[in-house]
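K.L.:
Any chance you can model this:
(one chain, ligands or ions: 1)
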Amino acid sequence: MAEQAFADRAADADAPEPDFDWKRIAYLVQVSRAMDKLEEERLVPERKVLYQFSARGHDMAQVMLGSRLTHRRDATCGYYRSRPLLLSLGVPIEDALASGMGREGGYSDGRDIGVVFNYPNSGGAPALPMSGGVGAQYTPTAGWAQAIRYHRNVLGDRAYEGAIAVVLGGDASCATGGFWASLTIATTQKLPMLFYVEDNQYGISVPCTYQTPGADISKNLASFTGLAIFAGDGTEPAEAARLIDRAVAHVRAEGGPALLHLRVPRLQGHSFQDTQAYKPEEVVREEWLRDPLPKLKAHLLGLGVDEAEWDRIEAEAQSAVEEARAAAEARGVSRPENVLDHVFYEGEMQQLGGQWTKGYRAPPSHEEPKPEGQRINMVTAIRRTLDQELAINPRVLLFGEDIGPKGGVHAVTLGLQEKYGEGRVFDTSLNEEGIIGRAVGMALAGLMPVPEIQFRKYAEPATEQINDCGTMRWRTANRFAAPMVLRIPGGFFKCGDPWHSQTNEVQFVHNPGWLVAVPSNAEDAVGLLRAGLRGNDPVIFFEHRAMLDDSWARRPWPGDAYVLPFGRAKKTRSGDDITLVTWGAMVPRCEEAAKDVSADVIDLRTLVPWDREAVLESVRRTRRCLIVHEDLRTGGFGAEIAAVVADEAFLDLDAPVARVTMPDIPSPHNPVLLNWAVPSVERIRAKIDELVGF
Ligand SMILES: Cc1ncc(C[n+]2csc(CCOP(=O)(O)OP(=O)(O)O)c2C)c(N)n1
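P.N.:
The predicted structure follows:
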């Protein structure tokens with residue numbers, strides 16, 4: 001297929017040249033060059049720019065590609081070398097320079113590394129928030145591509161007809177998990193996604209032979225079913241024009257993915273600090289011979305532009321950059337206290353991402369349960385809530401491994417695909433980075449994705465996407481957000497093991513931007529899940545395996561409009577001698593252990609935010625605090641609670657703040673070993689007695 005593409009290229013040489021606005025391309029390439037030069041010669045030496053990545057060599061093809069993203073529902077996601085593309089989408093030069101300098105305003109108000117971009121672009125294709133992680137751009141772009149199809153086919157929005165998602169990556173990024181995850185998604189789902197690989201044959205200093213055998217990704221992907229390949233030279237204007245034009249047209253017309261693989265030279269070091277000492281001199285010389293700028297000039301002269309006009313374009317670009325520099329330098333630095341803003345939605349709407357930006361208004365709700373009917377188990381309660389929100393909100397969609405016809409390995413989604421169809425409830429490829437990254441792209445496109453991770457431990461391949469999703473609102477200074485509800489079953493069940501039974505909820509607490517729900521029973525599960533599905537922030541919804549069908553956790557249905565706000569603990573027993581703080585599967589054990597003691601038992605229900613006031617109020621009265629959790633002891637969330645109690649209620653305490661937890665070991669398989677390790681009623685009771693008798 002790669003050969004095929006090259007053969008096509010030869011045949012294409014006689015085809016009429018596609019229509020590009022060459023003067024605009026020349027102007028933007030000159031702008032990009034002037035910005036690179038300005039940074040290298042002035043702003044970096046003056047320490048006004050701390051990270052600098054030259055786009056020289058990559059610039060022309062990027063600008064050309066950007067000029068083809070003309071559909072209002074297109075989106076793109078690039079990486080740190082993608083500034084020329086952003087310029088062609090309309091990013092103001094001043095913003096681009098000011099962001100590099102970390103000044104106020106711009107992409108991130110000085111929060112995000114200046115070389116990665118985000119651009120909501122109310123007038124055209126947005127640039128989705130880029131990540132500093134190589135390869136992290138791929139799966140969110142696949143999510144946008146799948147959202148295009150969802151908008152068109154499920155929501156019936158014809159405005160998405162012909163839209164595409166375009167991802168940019170270097171040759172080394174082709175070795176990342178994100179690349180392969182998204183390639184699988186885009187080809188198996190036949191999504192309108194264009195992969196643009198800018199192949200400069202190096203990943204910092206590592207030659208491309210380490211990234212893909214034979215250093216030719218399009219050749220290696222030649223037999224990948226469902227992928228059209230367009231490969232060639234990204235420095236020859238006419239050839240690049242044909243390939244870009246055909247690749248974009250193919251994805252728009254076919255609605256299926258394509259790889260655009262262009263060879264470009266990296267004319268500077270990887271970043272300003274990089275001297276390229278590892279590159280043989282002749283390679284550097286040969287690269288400069290392939291500089292697209294003189295070729296672009298020759299191309300324009302061939303089209304009738306004269307030298308004077310070329311010089312005028314160059315001068316115009318330089319003065320625009322100089323003017324933008326002065327304006328950017330005149331900007332201040334945002335106030336340090338403001339850096340605390342926008343971790344979560346605070347009432348000021350983001351520009352792009354999430355159903356709220358698309359006009360969604362949550363239906364009326366009540367915060368007190370209105371119990372009706374027999375008690376139901378947690379599985380039924382979660383399923384019924386999902387069912388109900390699927391029914392009333394067409395933007396809600398569910399996906400994950402085995403959640404379709406099988407109904408999930410925990411049976412939570414049983415029957416939902418049958419009821420709502422494969423468009424809204426569907427199985428995915430086995431790739432957690434793909435599941436969460438795709439959810440990010442879908443959320444950015446205004447949907448409310450509800451991805452399922454099959455077991456807690458298997459969220460780990462998605463760690464990067466989870467972290468990037470959580471930080472998105474903050475690092476884009478509230479320009480973008482990707483609200484979703486990420487359902488994750490975990491914890492022990494009949495037995496344990498290191499993969500299916502861990503809780504490790506504290507890891508999510510360390511990802512800023514995520515709300516974390518840890519319900520212990522059916523009623524709370526309904527209220528918190530509904531709050532998440534109607535909310536405007538990403539939510540980790542932890543479903544404890546042992547509680548899904550536990551009889552203690554069964555509760556009557558709390559009402560079709562019951563919403564439980566996050567951060568409200570519940571006192572499940574009241575007393576005066578000790579406070580037990582717990583959550584999830586440990587709540588019934590604490591209740592049992594405290595049954596003939598005068599104790600407050602506090603079920604936190606959510607860890608982000610957690611109800612400090614409820615805990616402190618109780619501890620100040622009972623003067624004793626015991627924290628019980630299933631997660632490991634060292635660095636568990638109990639350590640945080642203990643520290644806060646010690647900080648804020650020290651003088652009220654009559655006994656040390658104590659914890660009963662799992663020891664710092666993986667979960668053991670044999671039930672005898674497991675039951676010894678997980679906090680038991682007896683262990684909790686013994687600790688209560690010790691503290692009360694202190
Ligand atoms: C996940 C991850 N690993 C490592 C890095 C450090 N790093 C930054 S750029 C880079 C090389 C990427 O090269 P390539 O994708 O070919 O793009 P190019 O810089 O050549 O345009 C590396 C290793 C990173 N940012 N992210």
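
K.L.:
Next up, the contacts around the closest residue to residue 268 other than its chain neighbours.
P.N.:
Once flanking residues are discounted, residue 268 sits nearest to residue 54: 3.7 Å by CB to CB, 6 or more residues apart in numbering. The way it works is simple: take the backbone N, C-alpha and C, and place the C-beta from them, glycine included. By CB atoms under 8 Å, 6 or more residues apart in numbering, residue 54 lies in contact with 36, 40, 267-269, 272.

K.L.:
ok, the most centrally placed residue in the chain - contacts?
P.N.:
Closest to where the C-alpha atoms of the chain average out (CA atoms, centre = their mean) is residue 469, at 3.2 Å. Residues in contact with residue 469, defined by CB under 8 Å, 6+ apart, are 436, 439-440, 443, 482, 484, 513-514, 538.

K.L.:
Could you measure from it over to residue 205?
P.N.:
31 Å (CB to CB, to the nearest Å).

K.L.:
what's the answer for residue 343, then?
P.N.:
Counting by CB to CB - residue 343 and residue 205 are separated by 36 Å.

K.L.:
which of the two has more neighbours?
P.N.:
Each of residue 343 and residue 205 has its neighbours counted (other CB atoms under 10 Å); residue 343 has more, 17 against 12.

K.L.:
Would you check that that one makes contact with residue 475?
P.N.:
No - here residue 343 lies out of contact with residue 475, judged by CB atoms under 8 Å, at a distance of 10.1 Å.

K.L.:
Could you check how sure the model is about stretch 437-453, as an average pLDDT?
P.N.:
The pLDDT scores in stretch 437-453 average 98.

K.L.:
Most proximal residue of the stretch 1-150 of the chain with respect to the ligand?
P.N.:
Here the stretch 1-150 of the chain gets closest to the ligand at one residue, residue 134, 3.8 Å apart by CB to the nearest ligand atom.

K.L.:
likewise the chain?
P.N.:
Counting by CB to the nearest ligand atom, the chain gets nearest the ligand through residue 170, at 2.1 Å.

K.L.:
and the nearest residue to that residue once chain neighbours are set aside, what are its phi and psi?
P.N.:
Leaving aside its chain neighbours, residue 170 sits nearest to residue 198 (5.7 Å; criterion: CB to CB, 6+ apart). With angles defined as degrees, to the nearest 10, residue 198 sits at phi -90, psi 100.

K.L.:
sorry, back to before: got CSV for the contacts of residue 469, with secondary structure and neighbour count too?
P.N.:
As requested, the contacts of residue 469 are exported to CSV (DSSP: H, G, I helix; E, B strand; the rest coil; neighbours: other CB atoms under 10 Å):
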residue, secondary structure, neighbour count
436, helix, 29
439, helix, 32
440, helix, 33
443, helix, 28
482, coil, 30
484, coil, 28
513, coil, 23
514, coil, 24
538, coil, 29
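
K.L.:
Would you mind giving those residues as TSV with distance to the ligand added?
P.N.:
TSV is the format used below for the contacts of residue 469 (distance: CB to the nearest ligand atom, whole Å):
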residue	distance to the ligand
436	15
439	20
440	16
443	22
482	19
484	22
513	19
514	20
538	21
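
K.L.:
Let me know the closest of the residues you listed to residue 115.
P.N.:
Minimum distance to residue 115 across these is 20.4 Å, recorded for residue 440 (CB to CB).

K.L.:
correct me, but that closest one touches residue 483?
P.N.:
No - using CB under 8 Å, residue 440 makes no contact with residue 483, being 10.2 Å away.

K.L.:
Close to the ligand: what parts of the stretch 251-400 of the chain are there?
P.N.:
Those residues of the stretch 251-400 of the chain that sit near the ligand, judged by CB under 6 Å from any ligand atom, are 266, 270.

K.L.:
Over to the chain?
P.N.:
Those residues of the chain that sit near the ligand, judged by CB under 6 Å from any ligand atom, are 81, 132-135, 169-173, 198, 200, 202-204, 266, 270.

K.L.:
5 Å - rerun?
P.N.:
Contact residues (CB under 5 Å from any ligand atom) of the chain with the ligand: 81, 133-134, 170-173, 200, 203-204.

K.L.:
Of those residues, which belong to strands?
P.N.:
170, 203 (DSSP state E).

K.L.:
In the residues of the chain next to the ligand, find the pair that's most separated.
P.N.:
Across those (CB to CB), the longest gap, 19.1 Å, separates 133 and 200.

K.L.:
Which one's more surrounded, the two?
P.N.:
For residue 133 versus residue 200, neighbours defined as other CB under 10 Å are more numerous around residue 200 (21 against 16).

K.L.:
doesn't residue 265 make contact with the more buried one?
P.N.:
Yes - the criterion here is CB under 8 Å, and residue 200 meets it with residue 265 at 6.0 Å.

K.L.:
I'd like to know how many residues surround the closest residue to residue 504 other than its chain neighbours.
P.N.:
Nearest non-adjacent residue to residue 504, counting by CB to CB, 6+ apart: residue 631, 6.0 Å away. A total of 22 residues lie near residue 631 under the criterion other CB under 10 Å.

K.L.:
Ramachandran angles for residue 631?
P.N.:
The phi/psi pair for residue 631 (degrees, to the nearest 10) is phi -70, psi 170.

K.L.:
got the contact list for it?
P.N.:
502-506, 637-638, 661-662.

K.L.:
now swap in residue 574 and tell me
P.N.:
residue 600.

K.L.:
what does the one 3 residues further on give?
P.N.:
By CB under 8 Å, 6+ apart, the contact list for residue 577 reads 597-599, 622, 624, 692.

K.L.:
Show me those residues that map onto helices.
P.N.:
If you go by DSSP state H, the contacts of residue 577 have 622, 692 in helices.

K.L.:
which among the contacts of residue 577 end up buried?
P.N.:
597, 599, 622, 624, 692 (16 or more other CB atoms under 10 Å).

K.L.:
possible to save those as TSV with pLDDT and distance to residue 417?
P.N.:
Shown next, in TSV, are those (pLDDT from 0 to 100; distance: CB to CB, whole Å):
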residue	pLDDT	distance to residue 417
597	97	48
599	98	45
622	98	49
624	98	50
692	98	52
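
K.L.:
which one among the residues you listed gets closest to residue 520?
P.N.:
residue 599 (16.5 Å).

K.L.:
Who does the closest one form a beta bridge with?
P.N.:
Under DSSP bridges, the beta-bridge partners of residue 599 are residue 578.

K.L.:
Surely it touches residue 622?
P.N.:
Yes - Residue 599 is in contact with residue 622 according to CB under 8 Å; the separation is 7.4 Å.

K.L.:
Can you name the helix or strand that residue 580 falls in?
P.N.:
strand 578-582 (DSSP states H and E).

K.L.:
now that strand: mean pLDDT?
P.N.:
On average, strand 578-582 scores 98.

K.L.:
what packs against it?
P.N.:
helix 586-593, strand 599-603, helix 612-622, strand 625-632, helix 681-692 (3 or more CB pairs under 8 Å, 6 or more residues apart in numbering; DSSP states H and E).

K.L.:
list the buried ones in the longest helix belonging to the chain?
P.N.:
Using DSSP H to define each element, the chain has its longest helix at helix 307-330. By neighbour count on 16+ other CB under 10 Å, the buried set for helix 307-330 is 310, 313-314, 317-318, 320-321, 324-325, 327-328.

K.L.:
Same list (the residues you listed) but as a markdown table, adding distance to residue 392.
P.N.:
Conversion of the buried residues of helix 307-330 to a markdown table gives the following (distance: CB to CB, whole Å):
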| residue | distance to residue 392 |
| --- | --- |
| 310 | 60 |
| 313 | 55 |
| 314 | 58 |
| 317 | 52 |
| 318 | 56 |
| 320 | 50 |
| 321 | 51 |
| 324 | 48 |
| 325 | 52 |
| 327 | 48 |
| 328 | 47 |
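
K.L.:
Now do the SS call for residue 411.
P.N.:
Per DSSP: H, G, I helix; E, B strand; the rest coil, the local secondary structure of residue 411 is coil.

K.L.:
let me fix that: residue 34
P.N.:
Relying on three-state DSSP, one would call residue 34 helix.

K.L.:
Can you tell me the closest non-neighbouring residue to it?
P.N.:
residue 321 (4.1 Å).

K.L.:
How about the contacts made by residue 409?
P.N.:
Contacts for residue 409 (CB under 8 Å, 6+ apart) come out as 401-402, 454.
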